[in-house]
Every structure is written in C-alpha cells, then in structure tokens.
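Chemist: Below are the sequence and a predicted model; questions follow.
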Amino acid sequence: MKPYLSVIIPAYNEAKRLPLTLIDIDKHLSKADFSYEIVVVDNNSKDATREIASRFIPLIKNLKVIECKTQGKGAAVKKGMLEAEGDIRLFTDADNSTSVDHFFKMKHYFSEGYDIVIGSRDVAGARLEPPQPWYKRVLGDMGNIFIQLMLLRGIKDTQCGFKAFSEKAAQSIFSLANIVGWGFDVEILALGKKMGYKIKEIPVRWVNSAFSLVKPTAYLMVLLEVVKIRIRLALGKYKIQKNY
C-alpha cells in the first residue's frame with residue numbers, strides 16, 4: 001500500500017546516533033492514523049551506519065535502507081526524496097534534532113493548499129535547547145539576511161533540517177536540484193518558490209547536538225552556493241515548469 005508519509009533520513013557516519021532516532025520516529029508514527037515508511041539513506045559512511053540501520057528492518061517493518069554513492073547531504077536527501085513513495089515526503093536529521101512529532105503540526109497545512117512546510121528556528125514560538133553559541137547566531141543571522149536579499153525574501157530559516165513536501169513538489173523540485181553540499185536547502189526552496197509552490201514556515205523545538213558535523217566554513221560555502229543558484233536562475237539553467 002502506498003504510504004501517506006515518507007520520512008527520509010540522510011546518514012553519514014551515524015552508527016551511534018541513528019538507532020535511537022529510528023526508535024523514536026517509529027514510536028511517534030506508530031500512533032498515527034496514517035501509513036508511513038522510513039527511508040535511511042547511507043551516504044558513503046565509513047562506519048557501520050548501513051549495517052546497523054539494516055538490523056532494524058525486522059523490528060520496523062516499514063523501514064528501508066538505501067545507498068547514495070554521491071557524497072553530500074544534498075545528494076542523499078535528493079536520492080531519498082525521489083525513491084520515496086509517500087504522498088508527503090519529510091526529511092529530517094539523523095541526530096533527531098527536531099522530533100518527528102512536529103509533523104502532526106505540519107500535516108493540516110497540506111490540506112489547506114500548501115505544498116512545502118518547513119521547520120524554523122527563527123519564527124515566533126521556536127525553541128533552541130541549548131541556545132546556539134553567539135558566533136553561530138551572528139553568522140546565521142547575517143547569512144539569512146543575505147539569502148533573503150538574494151533569493152528567499154520572507155523565509156527566516158532556510159537551513160533547518162526538517163522539511164516536508166507534497167509528492168508533486170518533491171518530484172519536480174528534487175529532479176532539478178544539483179547542489180550536494182549544505183547549500184542544497186536554499187536551492188530546493190528557491191526552486192519551489194520559482195515553480196510557484198506555496199511554502200509555510202512553522203516553529204520547531206530544536207535540540208542542539210554536541211556532535212554537530214557542521215563546520216564554520218559551511219556558512220561560507222552556503223553563501224557561495226547562494227550566488228551560484230542566483231546566477232543559474234537568472235540564466236535559465238534550471239528547466240523549470242511553473243506550478244500554475
């Protein structure tokens with residue numbers, strides 16, 4: 001049976017954190033009144049991520065484990081989104097920074113006509129536990145101003161790793177996405193906006209991981225990729241079909 005929800009988890013060297021995340025996601029969704037699948041995308045991990053995830057298949061009947069040979073979170077999310085089967089497709093981080101139960105707050109927006117619903121750490125009602133270090137807040141705020149000016153005016157947090165798409169939006173956006181690094185979030189939202197999809201931003205509770213894989217240089221890489229996206233859009237490099 002076709003699932004209503006697909007949860008995509010990109011995973012690189014997540015052998016230690018992934019088990020608790022899988023258990024928590026299945027615990028919350030098993031209480032839901034809709035069908036679901038969980039798709040772990042192993043992104044060339046050097047540890048036992050794939051093997052450990054596969055051990056949960058007998059325990060979580062709707063769990064799939066697939067491989068993405070192209071390195072980069074953007075590549076892993078793209079592969080998971082395009083291979084998923086759900087009417088709604090949500091990607092979330094392997095460290096469970098945002099609990100999947102936030103999806104229950106997202107769900108009704110799809111019925112109201114939204115095509116993309118994204119978690120945000122920067123809108124009213126959002127919580128960060130513990131708060132980010134001051135330098136990350138400054139870099140994040142400056143980066144968001146730049147992103148809004150260049151591409152996505154009105155969206156407060158493009159980088160939160162908790163985003164849901166309708167099946168149609170996921171297929172049309174991710175089939176054109178080509179950024180494999182941290183800038184992929186901006187690209188998929190910019191493509192969605194250009195295609196005419198309705199985007200909703202909702203507050204989430206975000207638990208900061210003590211073992212974050214995001215380095216300070218990632219902020220600079222995102223900004224460089226924002227410029228690249230702006231140029232590609234201006235030159236018509238994306239073969240975009242409008243959704244209206």
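Modeler: The structure has been received and is ready for your questions.
Chemist: Give me the contacts around the lowest-mean-pLDDT helix or strand in the chain.
Modeler: Scoring the helices and strands of the chain by mean pLDDT, DSSP states H and E places helix 134-150 at the bottom, with a mean of 87. Identification of contacts with helix 134-150 by C-beta atoms under 8 Å, 6 or more residues apart in numbering yields 122, 131-132, 154-159, 186, 216, 219, 222-223, 226-227, 230. Quick note: C-beta positions are derived from backbone N, CA and C, even for glycine.
Chemist: Would you list the buried entries among the residues you listed?
Modeler: Buried positions within these, assessed by neighbour count (16 or more other C-beta atoms under 10 Å), are 122, 155, 156, 157, 158, 159, 186, 219, 222, 223, 226, 230.
Chemist: Let me know the closest of the residues you listed to residue 28.
Modeler: residue 157 (22.4 Å; C-beta to C-beta).
Chemist: Just confirm the closest one is within a helix.
Modeler: No - under DSSP: H, G, I helix; E, B strand; the rest coil, residue 157 falls outside any helix and is assigned coil.
Chemist: Identify the residues contacting it.
Modeler: So residue 157 contacts 118, 119, 120, 121, 122, 123, 126, 144, 201 (C-beta under 8 Å, 6+ apart).
Chemist: now, the most widely separated pair of these?
Modeler: It's 119 and 144 that sit farthest apart of the contacts of residue 157, by C-beta to C-beta, at 14.6 Å.
Chemist: So what touches stretch 125-133?
Modeler: 120, 121, 137, 140, 157, 203, 204, 205, 206, 207, 208.
Chemist: Run the chain-centre distance for that stretch.
Modeler: 19 Å (C-alpha atoms, centre = their mean, to the nearest Å).
Chemist: Identify each buried residue in it, please.
Modeler: For stretch 125-133, by 16+ other C-beta under 10 Å, it's residue 126.
Chemist: what's the span of that stretch from first residue to last?
Modeler: 20 Å (C-alpha to C-alpha, to the nearest Å).
Chemist: tell me the mean pLDDT for that stretch?
Modeler: Averaging pLDDT along stretch 125-133 yields 86.
Chemist: Strands along this structure, start to end?
Modeler: 5-11, 36-42, 63-67, 88-91, 116-120, 127-129, 163-166, 199-203, 205-207 (DSSP state E).
Chemist: Send me the fourth one as PDB with only the CA atoms.
Modeler: Spelled out, it's strand 88-91. Coordinates of each C-alpha in strand 88-91 appear next as PDB, following Å, rounded to 0.1, in the frame of the first residue of the first chain:
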ATOM      1  CA  ILE A  88       4.000  13.600   1.700                       C
ATOM      2  CA  ARG A  89       7.800  13.400   2.000                       C
ATOM      3  CA  LEU A  90       9.700  14.700   5.000                       C
ATOM      4  CA  PHE A  91      13.400  14.800   5.500                       C
END
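Chemist: Would you mind pulling up the elements that that strand packs against?
Modeler: The helices and strands touching strand 88-91, judged by 3 or more C-beta pairs under 8 Å, 6 or more residues apart in numbering; DSSP states H and E, are strand 5-11, helix 73-83, helix 103-111, strand 163-166, helix 167-174.
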